[in-house]
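Trainee: Using only what follows, build the 3D model:
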Amino acid sequence: LNNASAGNLPAPIILNSGESFVMAVMGPVDPDIDGLMTENRDGLIGASISSDKPIAVNCGSFSGTNASNNLDLGFDQIVSAERTGKNYIFIKSTGQAVVEKVLLVANQNCIVYKNGDNTLGYPISAGEYKTFDGNDFDANGNLYIRSTEKIFAYQTIGDNSAADFRNQELFFVPP
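Mentor: Numbering: from 1, shown residues only. You can find the predicted model right below:
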């Protein structure tokens with residue numbers, strides 16, 4: 001179903017048992033530019049989904065990347081906003097800093113603090129996001145996040161043995 005051209009977003013979707021609905025954006029490769037387009041890179045991050053019945057929501061990227069080249073898959077099933085949290089610990093993998101990324105998505109306005117610093121906060125409005133990369137982890141390879149409100153948290157990891165940034169993975173992180 002491609003209803004974005006209808007101009008009445010958000011569009012109500014009625015699903016019967018066993019049916020699914022896909023939200024997607026076109027991109028990110030434009031062969032005329034010989035690189036990545038940025039218009040749709042984050043077009044669905046922070047999208048709000050609501051339902052009057054239990055549903056499963058999977059999110060991620062088909063042929064996405066945190067680097068300048070090499071495209072990988074990254075999908076995971078998420079939980080409802082009520083089941084997210086305010087405190088997270090991320091563990092760095094072996095990937096390069098640009099690939100080792102933490103993505104925090106706000107469902108409501110909040111302030112995010114990293115690594116126990118209670119003075120420098122990062123405000124995030126509902127539907128917006130904040131990222132931290134591999135350079136934000138501490139010397140032990142940990143990144144502690146505390147938020148004033150519950151947030152959705154994702155992490156991408158990689159493998160430093162791949163100079164072309166291949167083998168990236170995205171996953172949803174529980175609190």
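
Trainee: List the contacts of stretch 127-135.
Mentor: Here stretch 127-135 makes contact (C-beta atoms under 8 Å, 6 or more residues apart in numbering) with 42, 45-48, 66, 92, 95-107, 112, 114, 122, 124, 143, 145. Just so you know, the C-beta spots here come from the backbone N, C-alpha and C atoms, and that holds for glycine as well.

Trainee: so where's the chain shaky on pLDDT?
Mentor: Filtered on pLDDT under 70, the chain yields the residue ranges 1-11, 26-41, 62-73, 161-167.

Trainee: element containing the spatially closest residue to residue 172 that is not a sequence neighbour, please.
Mentor: In space, and not counting its chain neighbours, residue 172 is closest to residue 76: 4.1 Å by C-beta to C-beta, 6 or more residues apart in numbering. Using DSSP states H and E, residue 76 falls within strand 72-77.

Trainee: got the buried residues for the helix or strand just after that strand?
Mentor: Downstream of strand 72-77, the next assigned helix or strand under DSSP H and E is strand 85-91. For strand 85-91, the neighbour count (16 or more other C-beta atoms under 10 Å) marks 85, 88, 90 as buried.

Trainee: of the residues you listed, closest to residue 17?
Mentor: Closest approach between the buried residues of strand 85-91 and residue 17, by C-beta to C-beta: residue 85, at 30.5 Å.
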